[in-house]
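# Pasted the sequence and its predicted model underneath.
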Amino acid sequence: MKQETEVVVLKELLRQLDEGRNVDAGVRYRVPTDAYVCPELAEQEWSSFFQDHPQLIGLSGDLEEPGRYFTTDDFGTPVLATRDDSGRFRAFLNACRHRGVRVVSEPRGESRRFMCPFHNWTYANDGALVGIPRERDFGPVDKSCTGLIELPAVEHHGMLWVHPKPDGELDPAALLGDLEEELANWNSGSFVRLGETVIEGDLNWKLANDTFGETYHFQRLHKETLGQLFYGDALAYQTFGRNHRFVFPARSIDELRDLPESEWSTDNAANVLYYLFPNIQFNVSRGQILVIKIYPKKGTPGRSLTRIGYYYSPEAAAAMAAAEASGARVIGAEDAYDVDARDEATILGLEATREVFDSTIEQEDYAMGERAQQVAENGTLTHLLFGRNEPALHHYHNTFREALNLPPLERVD
Ligand code: FES
Ligand SMILES: [Fe+2]
């Protein structure tokens with residue numbers, strides 16, 4: 001984010017905190033609970049948003065050098081993502097051209113050749129078919145046109161984008177729209193991948209997404225966890241087409257009051273969360289990026305899968321490694337919410353970050369989502385209400401609906 005934008009956003013947060021008023025969308029909406037349980041809607045979402053829409057599958061740090069690869073089945077199409085010997089990011093249908101077996105079953109690793117386990121046809125990391133056992137018996141195969149099916153794949157500002165259809169249109173600049181330059185400025189291409197948390201929950205993927213859509217619950221549900229580190233009831237919110245920017249204040253935002261604006265930064269003062277349609281929460285703070293990908297479970301509207309990828313700037317990763325090697329105090333999971341410890345310690349360890357996410361997302365946010373899912377499935381409660389202080393919820397749901405040619409949510413003034 002440009003520093004001048006950071007100042008505007010931080011001023012807005014300080015204004016809300018000073019006035020004791022949260023963001024105001026000026027409107028409320030009713031949302032039908034059916035949106036979380038309807039099988040036909042779930043099928044439409046799956047085919048439009050996951051089977052026929054570009055997917056952000058990771059950052060450049062997932063394929064840190066030629067020869068690295070990873071696989072994903074999260075959006076239905078089995079994908080093998082590689083960095084080929086020339087350093088180019090490629091994506092292929094992870095399916096053997098002989099009898100369709102998934103060629104690679106490991107989640108990630110390093111290999112320049114991939115051998116299908118069934119009859120050992122072998123492919124290179126640029127997709128080329130390079131080996132067929134006993135080809136004389138099998139019959140001749142034109143290897144020049146029997147490589148893995150290639151999918152559109154673009155590495156753009158450090159983000160790895162794939163389209164699940166071989167002839168799909170993939171234009172990341174168009175997807176990011178007016179957020180493009182701002183996202184480019186975070187330099188996510190240089191970030192190092194340090195790990196992943198996976199959460200499978202009994203809640204619709206939109207309910208999972210909704211938990212990232214307001215700060216109203218921070219000082220209630222997260223009073224003893226995230227609420228120790230962040231103020232609730234304050235939000236600098238802006239939409240960018242189908243995407244949005246959602247910034248909420250850390251308690252340390254108050255330290256800015258004594259600094260000239262030229263020194264203001266969101267780094268220690270706020271948490272910046274971008275939503276990228278349809279299923280990505282992209283969280284940036286203190287040399288760290290969390291890519292949160294939320295997927296429906298096909299055919300089961302009440303279940304979803306969330307992957308949280310942890311990425312660190314080279315400086316932050318090096319500092320963390322150096323602190324651990326030198327025996328310096330690294331904040332671990334047990335001190336994740338200890339503000340004093342955070343002030344004193346040299347560095348926040350990965351486990352502390354994971355603890356924050358595990359305890360707040362899985363045990364608190366998603367626990368609420370699972371209860372709401374049960375009520376939605378019962379059907380007696382037909383509608384929910386999105387408040388004036390929950391503008392991201394308005395935006396998600398109206399965007400999903402608009403993308404599926406459904407009428408917008410019903411306004412409640
Ligand atoms: S199915 Fe892959 S080699 Fe036969
Ligand atoms: Fe939450």
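Noted; the coordinates are in hand. Only a predicted model underlies this, so the values are computations on that prediction, with no experimental measurement involved. Ligands and ions are numbered 1, 2, ... in the order given.

# Which neighbouring elements make contact with the longest helix along the chain?
Ranked by residue count under DSSP state H, the longest helix found in the chain is helix 3-19. Helices and strands touching helix 3-19, by 3 or more C-beta pairs under 8 Å, 6 or more residues apart in numbering; DSSP states H and E, are strand 236-240, strand 243-249, strand 270-276. Placement of C-beta: from N, CA and C, glycine included.

# got JSON lines for the ones you listed, with distance to residue 205, mean neighbour count and mean pLDDT too?
Formatted as JSON lines, the helices and strands packed on helix 3-19 follow (distance: least, C-beta to C-beta, whole Å; neighbours: other C-beta atoms under 10 Å; pLDDT from 0 to 100):
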{"stretch": "strand 236-240", "distance to residue 205": "20", "mean neighbour count": "19", "mean pLDDT": "98"}
{"stretch": "strand 243-249", "distance to residue 205": "17", "mean neighbour count": "23", "mean pLDDT": "98"}
{"stretch": "strand 270-276", "distance to residue 205": "13", "mean neighbour count": "22", "mean pLDDT": "97"}
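
# Format these as CSV; extra columns: distance to ligand 1.
Converted to CSV, the helices and strands packed on helix 3-19 look like this (distance: least, C-beta to the nearest ligand atom, whole Å):
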stretch, distance to ligand 1
strand 236-240, 44
strand 243-249, 39
strand 270-276, 35
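
# quick one, which of these is nearest to residue 401?
Closest approach to residue 401 among the helices and strands packed on helix 3-19 is made by strand 236-240 (14.8 Å; C-beta to C-beta).

# Can you tell me how far residue 83 is from residue 234?
Using C-beta to C-beta, to the nearest Å, residue 83 is found at 41 Å from residue 234.

# before we move on, back to that, please work out which residues outside the longest helix of the chain touch it.
1, 22-23, 182, 231, 233-236, 247-249, 253, 256-257, 261-262, 264-266, 269-270 (C-beta atoms under 8 Å, 6 or more residues apart in numbering).

# for ligand 1, what are the nearby residues on the stretch 51-200 of the chain?
Proximity of the stretch 51-200 of the chain to ligand 1 (C-beta under 6 Å from any ligand atom) is limited to residues 96, 98, 99, 101, 116, 118, 119, 120, 121.

# wait, is residue 209 part of a strand?
No. The assignment for residue 209, made by DSSP: H, G, I helix; E, B strand; the rest coil, is helix rather than a strand.

# Check whether it really touches residue 399, as I assumed.
No. Contact between residue 209 and residue 399 fails when scored by C-beta atoms under 8 Å: they sit 10.8 Å apart.

# Looking at these two, which one has more neighbours?
Neighbours per residue, other C-beta atoms under 10 Å: of residue 209 and residue 399, the larger number sits with residue 209, 25 against 19.

# Just list the residues touching that one, thanks.
Residue 209 is in contact with 275, 279, 281, 294, 396, counting by C-beta under 8 Å, 6+ apart.

# for the first one, which residues make a bridge with it?
Right, the one you point to is residue 275. Counting by DSSP bridges, residue 275 is bridged to residue 244, residue 281.

# mind listing what it touches?
Applying C-beta under 8 Å, 6+ apart, we find residue 275 in contact with 209, 212, 243, 244, 246, 281, 282, 392, 395, 396.

# Buried ones among the contacts of helix 3-19?
When the contacts of helix 3-19 are checked for burial by 16 or more other C-beta atoms under 10 Å, the buried set is 1, 22-23, 182, 231, 233-236, 247-249, 253, 256, 264, 266, 269-270.

# Verify the stated contact: residue 196 with residue 308.
Yes. Between residue 196 and residue 308 there is a contact under C-beta under 8 Å: 6.5 Å.

# between these two, which one's more packed in?
Taking other C-beta under 10 Å, residue 196 and residue 308 do not tie; residue 308 has more neighbours (22 against 16).

# need the contact list for the more buried one.
Applying C-beta under 8 Å, 6+ apart to residue 308 gives the contacts 196, 197, 198, 199, 290, 291, 292, 357, 361.
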